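Trainee: fold the following, please.
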Amino acid sequence: MEDKAICVSRVHKVDGDSSLKAFVDITLAGIVIKGLRVVNGKNGLFLGMPRHQGKDGKWYPTVYPLTKDIQQELSDLVLQAYQGE
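Mentor: This is a model prediction of the structure:
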């Protein structure tokens, strides 16, 4: 395996007609982040970040990129891994 700062460690594709297409885990500096999602939206595939549901029923992010560049890098990496499997 190449020594990358960020790598996809697991892609679990979801069967069916749902807009959710896969759950993805990434490894970042020796830490595994679970729960990223590949979602098919009205404009095509996109990366959904991990989130949890609060007591108020709303969904809140648990992990999120601080810049658009990091978001784009993660999205490109995850979608490439998803499409390559």
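
Trainee: centroid-nearest residue for the protein?
Mentor: When C-alpha atoms, centre = their mean is applied to the chain, the residue found nearest the centroid is Leu36 (2.9 Å).

Trainee: that one sits in which helix or strand?
Mentor: For Leu36, the host element (DSSP states H and E) is strand 31-41.

Trainee: buried stuff in the following helix or strand past that strand?
Mentor: The element immediately downstream of strand 31-41 (helix or strand, assigned by DSSP H and E) is strand 44-48. By neighbour count, with 16 or more other C-beta atoms under 10 Å as the criterion, the buried positions of strand 44-48 are Leu45, Leu47, Gly48. C-beta: built from backbone N, CA, C; applies to glycine.

Trainee: can you lay out the residues you listed as a markdown table showing distance to Lys58?
Mentor: Written out in a markdown table, the entries for these read as follows (distance: C-beta to C-beta, whole Å):
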| residue | distance to Lys58 |
| --- | --- |
| Leu45 | 25 |
| Leu47 | 20 |
| Gly48 | 15 |
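
Trainee: show the contacting residues for the residue nearest to the centre of the chain.
Mentor: Each residue near Leu36 by C-beta atoms under 8 Å, 6 or more residues apart in numbering is listed here: Phe23, Val24, Asp25, Ile26, Leu47, Gly48, Met49, Pro50, Leu74, Val78.

Trainee: ok, and the most crowded of those residues?
Mentor: Neighbour counts for the contacts of Leu36, by other C-beta atoms under 10 Å, peak at Val24, which reaches 26 neighbours.

Trainee: helix or strand: which one has it?
Mentor: Using DSSP H and E, Val24 falls in strand 20-28.

Trainee: again with Val78
Mentor: helix 68-84.

Trainee: packing partners of that helix?
Mentor: Packing contacts for helix 68-84, counted by 3 or more C-beta pairs under 8 Å, 6 or more residues apart in numbering; DSSP states H and E, involve strand 6-13, strand 20-28, strand 31-41, strand 44-48.

Trainee: no further queries at this time; thank you.
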